[in-house]
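*Asks:* Sequence and predicted structure, then a few things I'm wondering about:
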Amino acid sequence: MNTAPVNQIYNTGPILTSNSTGVFRFTANGFFSNRTINVYYHIPDGDIKTMPILMSFHGGSRNADDYRDYWINMANNLNFMVFAPEFESGDFSSDEYNLGNIFDDGDNPSSGTYNPIEEWTFSMLDPLFEYVKSEIKGTQETYNGWGHSAGSQFLHRFVMFIPNSKLNIAVCSNAGWYTVPESEINFPYGLNQGQIDTNTLNLAFSKKLYVHLAEDDTNPNSSSLRHNEIVDDQQGLHRRARGRYFYATSEGTANQNQTEFNWIKTDEVPNVSHQGMLMAQDAVKYLYPEN
């Protein structure tokens, strides 16, 4: 993973202080040095040197400001910071966001188009965390992550492919479809040709990942929901079915591997469909249960 020092570009005055809300622009060194992203943030009043950090990952609408705002009241009440990086569609295609840029073309993977880890979009996250820590002179060792819809796709693949990151708890809400840890199905729906080894997968299974589904997210005709013969036959026709399949198959694979399995399927959120704000309000208890 790229651990080189990061560069920063500011668009306003002082930032990352207690009791502040805003946006800054961030650039990581290396492969992504030509792409500067907006990071929307909220920091409650309190000791920011020790305050927990949450990264919130937007869906396909790329509305990171909303994905910050969902958390503001909860962050104030429970005393954690929230940072929502924005992967704009002009700079990050769905291959580069949803699929993390693991391959040049994730729908057609090959050994020749498999990218080195420093070119994966996931590799921007630990440097962003380190930048935040440096700005606040923080002592935090890890951060938590929440993603909804496309952000949930991004987050669960981040856990699977870079399990040795500084991410602690991941809550993955209402992904449209998944990279399921089964070897018979080609990437991006399964791990065949995915270039992930058993040790990496087993380490991913040891991470704290919550599969977080809405009870009513069952519309097979939902906007932007991917359908084709492979994913429909493998995972089901709607998000709830696909999330259930992902969890059950992951548990079965971990059992076959005789490895630790720390993933949890939460209770499905009643009377909620594909609604990011309502899912965030339920997810908080898994991210900060002791607060």
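*Replies:* Okay, I see it. Numbering: from 1, shown residues only.
*Asks:* alpha carbons only for contacts and neighbour counts from here, please
*Replies:* Fine.
*Asks:* in which helix or strand would I find Asp217?
*Replies:* Secondary structure here is read from DSSP states H and E; on that basis Asp217 sits in neither a helix nor a strand.
*Asks:* can you start the count at 29 instead of 1 from here on
*Replies:* Yes, from this point I'll number from 29; that puts the last item at Asp245.
*Asks:* Any stretches of the stretch 79-228 of the chain with poor pLDDT?
*Replies:* Applying pLDDT under 70 to the stretch 79-228 of the chain picks out no residues at all.
*Asks:* can you pull out the strands in it?
*Replies:* Ranges of strands in the stretch 79-228 of the chain, per DSSP state E, counting those that start in this stretch, are 81-85, 109-114, 171-176, 195-201.
*Asks:* Adding mean neighbour count and distance to Ala92, write those out as JSON lines.
*Replies:* Listed next are the strands of the stretch 79-228 of the chain as JSON lines, based on neighbours: other CA atoms under 10 Å; distance: least, CA to CA, whole Å:
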{"stretch": "strand 81-85", "mean neighbour count": "27", "distance to Ala92": "7"}
{"stretch": "strand 109-114", "mean neighbour count": "26", "distance to Ala92": "5"}
{"stretch": "strand 171-176", "mean neighbour count": "25", "distance to Ala92": "11"}
{"stretch": "strand 195-201", "mean neighbour count": "25", "distance to Ala92": "16"}
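*Asks:* Could you dump those into TSV with distance to Gly50 added?
*Replies:* Formatted as TSV, these follow (distance: least, CA to CA, whole Å):
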stretch	distance to Gly50
strand 81-85	15
strand 109-114	10
strand 171-176	19
strand 195-201	23
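*Asks:* Nearest approach to Ala56 belongs to which of those?
*Replies:* Comparing these by their distance to Ala56 (CA to CA), the top pick is strand 109-114, with 12.5 Å.
*Asks:* which secondary structure elements does that closest one contact?
*Replies:* strand 65-71, strand 81-85, helix 92-97, helix 100-106 (3 or more CA pairs under 8 Å, 6 or more residues apart in numbering; DSSP states H and E).
*Asks:* List the neighbouring strands of that strand plus their orientation.
*Replies:* In the sheet, strand 109-114 lines up against strand 65-71 (antiparallel), strand 81-85 (parallel) (DSSP bridges).
*Asks:* How about Leu253, nearest residue that isn't a chain neighbour?
*Replies:* Distances taken as CA to CA, 6 or more residues apart in numbering put Gly204 closest to Leu253, at 5.9 Å, once the chain neighbours are dropped.
*Asks:* Then Ala269?
*Replies:* The shortest distance from Ala269 to any non-neighbouring residue, by CA to CA, 6+ apart, is to Gln263 (6.8 Å).
*Asks:* which residues touch that neighbour?
*Replies:* Taking CA atoms under 8 Å, 6 or more residues apart in numbering, we find Gln263 in contact with 205, 269-271, 273-274.
*Asks:* Cross these against helices and list the overlap.
*Replies:* For the contacts of Gln263, the ones inside helices are 269-271, 273-274, with DSSP state H as the criterion.
*Asks:* Mind exporting the C-alpha coordinates of stretch 278-286 to PDB?
*Replies:* Extracted in PDB, the C-alpha atoms of stretch 278-286 (Å, rounded to 0.1, in the frame of the first residue of the first chain):
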ATOM      1  CA  SER A 278     -19.000 -15.700   2.900                       C
ATOM      2  CA  GLU A 279     -19.800 -17.600   6.100                       C
ATOM      3  CA  GLY A 280     -19.700 -20.900   4.200                       C
ATOM      4  CA  THR A 281     -16.400 -20.100   2.500                       C
ATOM      5  CA  ALA A 282     -14.800 -19.100   5.900                       C
ATOM      6  CA  ASN A 283     -16.000 -22.400   7.400                       C
ATOM      7  CA  GLN A 284     -14.500 -24.300   4.500                       C
ATOM      8  CA  ASN A 285     -11.200 -22.500   5.100                       C
ATOM      9  CA  GLN A 286     -11.400 -23.300   8.800                       C
END
